[in-house]
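K.L.:
The following block contains a protein sequence and its predicted model.
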Amino acid sequence: MRGAQNAMKPPYDKLLHFAAGATITALVVIATGSLAWAGAAALLAGAGRELYDACHPHTNTADFWDVVATCAGWIAVALAMQIYQH
């Protein structure tokens, strides 16, 4: 039954990943001034979390779309920063 519960995670999980990616991006850009480093950090955080989930299948479910949602946070902040600068 646990697998069925994990398969039906609430959609806010993706929003949390998006918010994490956006927050990581903002912090890295503030610290380094680099959107490229921010993208790398967001990707690393998203992939790292899913790798952790994959290594703990009894309590977590790895999901490729969580990585995509985390990187989408980076893209949103990067686009907003580009628009703001012009």
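P.N.:
Received the coordinates, thanks. Numbers count the residues shown, from 1 in each chain.
K.L.:
Any stretches of this structure with poor pLDDT?
P.N.:
Within the chain, the segments meeting pLDDT under 70 span 1-10.
K.L.:
Break down it into its helices, ranges please.
P.N.:
Secondary structure of the chain (DSSP state H): helices at 2-7, 12-32, 35-55, 64-85.
K.L.:
Could you check how far the residue positioned nearest the centre of the chain is from His56?
P.N.:
The residue lying closest to the centre of the chain (C-alpha atoms, centre = their mean) is Thr70, at 1.8 Å. Here the criterion is C-beta to C-beta, to the nearest Å. By it, Thr70 lies 18 Å from His56. For glycine as for every other residue, the C-beta is placed from the backbone atoms N, C-alpha and C.
K.L.:
on that earlier part again, distance of the closest residue to the residue nearest to the centre of the chain other than its chain neighbours from His86?
P.N.:
Using C-beta to C-beta, 6 or more residues apart in numbering and skipping residues adjacent in sequence, the residue nearest Thr70 is Gly46, 3.1 Å away. For Gly46, the distance to His86 (C-beta to C-beta) stands at 28 Å.
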